[in-house]
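[1] Sharing a sequence plus its predicted fold:
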Amino acid sequence: MTRRSRPRSTWTLQRRLVLTVVGLLALVSITIGVVSVVILRASLLDRLDEQLVSAADRSATVLGGGDLDGDRPGGAHFGTPTADKILSGPAQPPGLLALVYDGLSITTGYTDDQSGAIEELSAEQVQQLANHVNQSAAVTVNLGGELGDYRVQPKTSRNGTIYLVGLPLSGVAATATQLALIITFVSLAGLMVVAIIAAWVVRLALRPLQRVTATATRVAQLPLDRGEVSLNDRVPADDTDPRTEVGRVGAALNRMLDHVDLALESRQASERKVRQFVADASHELRTPLASIRGYSELTRRSGQELPPDAMHALGRIESESVRMTGLVEDLLLLARLDEGRELEMRPVDLTMLLVDAVSDAHAAGRDHVWDLELPDEPIEAIGDEPRLRQVITNLLANARVHTDAGTTVVVALAAVGDRAVVTVTDNGPGIPADLMSTLFERFARGDASRFRGTGSTGLGLAIVAAVVAAHHGAVTVDSEPGRTQFRVELPLAAG
């Protein structure tokens, strides 16, 4: 059973830092808020318990047997003890609740906060209070309805009367809730302010890293694999301070770019030497090859009687000199294109060029079927006519050489936007997949023995790619068994 890897977060470093700061601050704010509310509630509850004790002491005095009459024998007697006497007693707080049991009956009541009138408790509420008359400490009782939670304190007077007083917890709950809301709103406002400030500070702190990234991006967009490359981009000196993390990254990137620059200079120097050697060798080989071909033709046509073997050898010398001359010309052309020599750019009638190229291909490959699809109006491109003719000739020769007899080759021309598009499509066996990546490289071959037999040098498609690139165009290939298409795009002539 394979484990699925979790997708990596796509958040930026700036977003993660800001969210981390805001998250930590939110956690601290929540902790402070909860602790503050808990401490305040406990403090208010203690104060309420003190009020309960004071109310209970005053109730004992009203019922009789309190401290004020405790020195008199038997204590003072103020009549039958009832809850109304407690609630009507002097200095009793509003919202007071009372329950009195004198051994025979139970009386209850509470003072309404709004009107100040004494209201009766329901049987269920009385039962709730009666369940706690035996408690020695203050407890919280939920009476339900409009009364809600009450803090009650059971007591027994000196003359044996059991009574219970209580105060509502609504004030404590309201104060605690108000504090919680205040802390919540203040914390949210503070988090928003901190998020804005943190985003600004982090963005300011990450600017050096953004400059390092911009330098790396510019270098990554350079064509380092070919041609003359000037690697002058470096991270600014202000962003290479080794005392900071970003500075160490910038300094490391500069050192790497220095090494790459040295390697590129070495490669370019080596390529220049190779190109110069190929150009010089190709140029120097043209004269002796022309001499070999000329003398072989002269000897073969001199009319002298020569042995058959000698005639065959002269024919082979002549054909191989022609083949080697073509190879030398191709190498010399590639060397000139590598040097970046300017082409003779002028309007070229691609329609007539394709007509001539297909006619020549038909004459050279009569065992193939050649179709030409042209638009109603002529199409002109900007380019060097001999070089563009060579591009089309190489593509048609490639289709003829590498497909079997009877293959249909369709050459089409169209204008797409500001580009002239030439396609060469055949229904041959297709190009092997392992050749697709190196198809336009120099001396790229598949079946080497087959290609040598047909006279292929492996430079035809390399010349196509180099010439099209020199014209600021593009060449692509799409191949599968039964269909291969080469597509050449060239800039259209103005107008």
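    Alright, I've got the coordinates.
[2] Can you give me the neighbour number for the residue nearest to W370 when sequence neighbours are not counted?
    Closest residue to W370 apart from its sequence neighbours, by Cβ to Cβ, 6 or more residues apart in numbering: H362 at 4.8 Å. Every C-beta, even on glycine, is put in place using the N, C-alpha and C of the backbone. By other Cβ atoms under 10 Å, 16 other residues sit near H362.
[3] hang on, H362 in a strand?
    No. Secondary structure of H362, determined by DSSP: H, G, I helix; E, B strand; the rest coil: helix, with no strand assignment.
[4] mind checking how far it is from G460?
    Distance, H362 to G460, by Cβ to Cβ, to the nearest Å: 19 Å.
[5] same deal with R15?
    From R15 to G460 the distance is 53 Å (Cβ to Cβ).
[6] How about R151?
    From R151 to G460 the distance is 100 Å (Cβ to Cβ).
[7] Ok, G247 next?
    52 Å.
[8] Please identify the buried residues of stretch 475-494?
    Buried residues in stretch 475-494, counted by 16 or more other Cβ atoms under 10 Å: V475, V477, S479, T484, F486, V488, E489, L490, L492, A493.
[9] Give me the local confidence score for the fifth one.
    Among the per-residue scores, F486 shows a pLDDT of 92.
[10] so who does it touch?
    F486 makes contact with L395, N398, T423, V424, T425, V464, V475, T476, V477, according to Cβ atoms under 8 Å, 6 or more residues apart in numbering.
[11] Name the strands paired with the host helix or strand of it and say parallel or antiparallel.
    For F486, the element it lies in under DSSP states H and E is strand 483-491. Here strand 483-491 is paired, per DSSP bridges, with strand 419-426 (antiparallel), strand 474-480 (antiparallel).
[12] now what about the shortest one, what contacts it?
    Going back to what we said before, that points to strand 474-480. 430-431, 436, 439-440, 464-465, 468, 484-489.
[13] which one among those gets closest to A98?
    M436 (97.7 Å; Cβ to Cβ).
[14] Flag every buried residue along the helix or strand encompassing S187.
    Following DSSP H and E, one finds S187 within helix 170-205. For helix 170-205, a neighbour-count test (16+ other Cβ under 10 Å) marks V172, A176, L179, A180, I183, S187, L191, V194, A195, A198, A199, V202 as buried.
[15] Now do the same contact list for the fifth one.
    Looking back up the chat, that one is I183. S29, I32, G33, S36, V37 are the contacts of I183 under Cβ under 8 Å, 6+ apart.
[16] okay, now the second one: neighbour count?
    Neighbours of I32 under the rule other Cβ under 10 Å: 12.
[17] Look up how far E320 lies from the spatially closest residue to it that is not a sequence neighbour.
    Distances taken as Cβ to Cβ, 6+ apart place I183 nearest to I32, at 7.3 Å, with adjacent residues excluded. I183 sits 96 Å away from E320, going by Cβ to Cβ.
[18] thought Q390 was touching V467?
    Yes. Contact criterion Cβ atoms under 8 Å: Q390 and V467 qualify, at 6.7 Å.
[19] picking that back up, mind checking which of R15 and G460 has more residues around it?
    The neighbour count for R15 versus G460, taken as other Cβ under 10 Å, is higher for G460 (19 against 13).
[20] dump the residue contacts of the closest residue to the more buried one other than its chain neighbours.
    Setting aside the residues directly before and after it, G460 is nearest to N394 in space (Cβ to Cβ, 6+ apart), at 4.2 Å. The contact partners of N394, taken as Cβ under 8 Å, 6+ apart, are G460, L461, I463, V464.
[21] Look up how far V488 lies from the last one.
    Here the criterion is Cβ to Cβ. By it, V464 lies 8 Å from V488.
[22] just the second one next, same as before
    The spacing between L461 and V488, counted by Cβ to Cβ, is 11 Å.
[23] returning to what we had before: which one of the strands paired with strand 483-491 lies closest to L147?
    The nearest among the strands paired with strand 483-491, by Cβ to Cβ, is strand 474-480 at 84.9 Å.
[24] low-scoring pLDDT stretches of the stretch 151-300 of the chain, where are they?
    224-229, 274-286, 295 (pLDDT under 70).
[25] wait, I meant the stretch 301-450 of the chain
    In the stretch 301-450 of the chain, residues with pLDDT under 70: 303, 326, 330, 332-334, 336-342, 443-450.
[26] How are the strands of it distributed by residue range?
    All strands of the stretch 301-450 of the chain, identified by DSSP state E, counting those that start in this stretch, fall at 346-349, 369-373, 380-383, 408-416, 419-426.
[27] from these, which stretch is densest packed?
    Highest mean neighbour count of the strands of the stretch 301-450 of the chain: strand 380-383, a mean of 23 (counted as mean count of other Cβ atoms under 10 Å).
[28] where do the strands sit along the stretch 1-150 of the chain?
    97-101, 106-111, 118-119, 139-142, 149-156.
[29] Tabulate those strands (a markdown table), appending distance to Q304 and mean neighbour count.
    Listed next are these as a markdown table, based on distance: least, Cβ to Cβ, whole Å; neighbours: other Cβ atoms under 10 Å:
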| stretch | distance to Q304 | mean neighbour count |
| --- | --- | --- |
| strand 97-101 | 144 | 25 |
| strand 106-111 | 145 | 21 |
| strand 118-119 | 147 | 14 |
| strand 139-142 | 133 | 15 |
| strand 149-156 | 133 | 20 |
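[30] With distance to R366 as added columns, please give these in TSV.
    Shown next, in TSV, are these (distance: least, Cβ to Cβ, whole Å):
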stretch	distance to R366
strand 97-101	118
strand 106-111	118
strand 118-119	119
strand 139-142	107
strand 149-156	107
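[31] Give me the mean pLDDT for stretch 32-45.
    90.
[32] Name the residues that touch it?
    With Cβ under 8 Å, 6+ apart, stretch 32-45 has contacts from R151, L169, G171, V172, T175, A176, L179, A180, I183, T184, S187.
[33] what does stretch 253-261 give?
    For stretch 253-261, with Cβ under 8 Å, 6+ apart as the criterion, the contacting residues are V212, T215, A216, V219, L224, L231, D233, R234, V235, T240.
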